[in-house]
Each structure stands twice: as C-alpha cells, then as structure tokens.
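> pasting the structure only:
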C-alpha cells in the first residue's frame, strides 16, 4: 500500500481516538430534564462512570424587576452500589452498564495499538505490504468493542432499565461515540479494499513499486 493510504488511515483513526476519549470522559451519554419545581430546572446527565446533576433556580426578586439566580453542579460515581441499588433490583443494569465502560476502555487500547502499528508499518516497503492486515484486525476489534458499548447503552435507554431513563434523551457523548465507531468501520473497509487492490498489483493502491509475483525461471 502507498504511504499516503496509511497516512489517511492514521489521521482518520486519530480522529476516532479523540472522539472516543471525549465521549468516554463526558458525563452526558444520556440527559434527563426535570421542570417539576417552580422556577427551577434540574438537568441530570449519565456517563459511563459518572452521574451529574445541574440545578438552576431563577426566583423573581422582591420588586419584581430582577431575578435571584442559584445554580449547583454535583457529580458522583455511577452506578453506585448502594445509591443505585446495584445489589438488589438494579443488579443486572449495573453489571451491564459497568461492562459497557470496560469495553470502551478496551477499545481505546486497540485504537492506540493500531496507530502504533501504522507508524511501524510505513517505515519500509516490505512492512507496508503486510501490516495492513494487522491494522484491519486491530481496528475491527476496536470497532467491535465500541459497538458493544453503544448497544448496551442504547438497550438500557430504549428499555428504561434504570428508572429515570424513561425520560432520557441521547446526549453529546452518545453522538461523539457513534461518530467514532462509524469512522473506525469506514477506515477498516477502506484499508481492506486498498490492501487487497495493492496485493493484486493495482498501481493506484500499491504505488509506483506495484507488487509483482516472483516469476519462476525457465
């Protein structure tokens, strides 16, 4: 494969890594808004390992001209064994949600190794001929872990397995994570197509030094 193809794959995977890191660190995979209390809006967000709550109150002032504002933002570990009843009725949910977080961390490891593999593989022509298969395997493993995380979170949200998820909506982290694994799958498909074409001797994929089979002497 051409160096250019590897550089494009590297840039796309680096973007997927950034999106994955951002989504893993953000606490807004799912977002719930509450407006039950007068003059007060409560926004609760759920991440893979955190639950955050933002409370904003705006109370009319004594003269009626201005407003008295109050805000509070707190986060805690999620799901928590006692608070979220992980030892009783929410045991299955807690196990699935925690597993989703672990799978996402594993995905980060796979994409990091795939980036290192690309850097190692472009150093020589002979490595560029072989390394694409390893890159594809690593990227597909990464994407599989991310899709599994996505599937767990989506299923928990769709079926309202946690009480407040009934009113939840996907947040920014959910979108960033989706973009990450979509990019990874596209990279894998692109590398597969380019690698196979290069092995077949197509100049657009293999470059000026297209791969040619070694002939047998007569």
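Done, it's in. Remember, it's a predicted structure, so these values are computed and weren't measured experimentally.

> ranges for the strands of the chain?
Remark: strands assigned in the chain by DSSP state E are 30-34, 40-46, 50-60, 67-77, 169-170.

> so the first one versus strand 50-60, what angle?
Orientation check (axes from the mean of the first three to the mean of the last three CA atoms, to 10 degrees): strand 30-34 against strand 50-60 gives 30 degrees.

> need the strands of the chain in a markdown table (columns: mean pLDDT).
A markdown table is the format used below for those (pLDDT from 0 to 100):
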| stretch | mean pLDDT |
| --- | --- |
| strand 30-34 | 95 |
| strand 40-46 | 95 |
| strand 50-60 | 92 |
| strand 67-77 | 90 |
| strand 169-170 | 96 |
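
> as TSV, those with mean neighbour count and distance to residue 153 would be great.
For every residue, glycine as well, the C-beta is placed using N, CA and C. Output for these, formatted as TSV (neighbours: other CB atoms under 10 Å; distance: least, CB to CB, whole Å):
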stretch	mean neighbour count	distance to residue 153
strand 30-34	17	7
strand 40-46	19	9
strand 50-60	15	14
strand 67-77	11	17
strand 169-170	14	9
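
> switch these over to a markdown table; also include distance to residue 127.
Below are these laid out as a markdown table (distance: least, CB to CB, whole Å):
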| stretch | distance to residue 127 |
| --- | --- |
| strand 30-34 | 43 |
| strand 40-46 | 44 |
| strand 50-60 | 41 |
| strand 67-77 | 44 |
| strand 169-170 | 41 |
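
> nearest to residue 162, of these?
strand 40-46 (7.8 Å; CB to CB).

> and the closest one, what other elements does it pack with?
Here strand 40-46 touches strand 30-34, strand 50-60, going by 3 or more CB pairs under 8 Å, 6 or more residues apart in numbering; DSSP states H and E.

> could the ones you listed be laid out in TSV, adding distance to residue 87?
Below are the helices and strands packed on strand 40-46 laid out as TSV (distance: least, CB to CB, whole Å):
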stretch	distance to residue 87
strand 30-34	22
strand 50-60	17
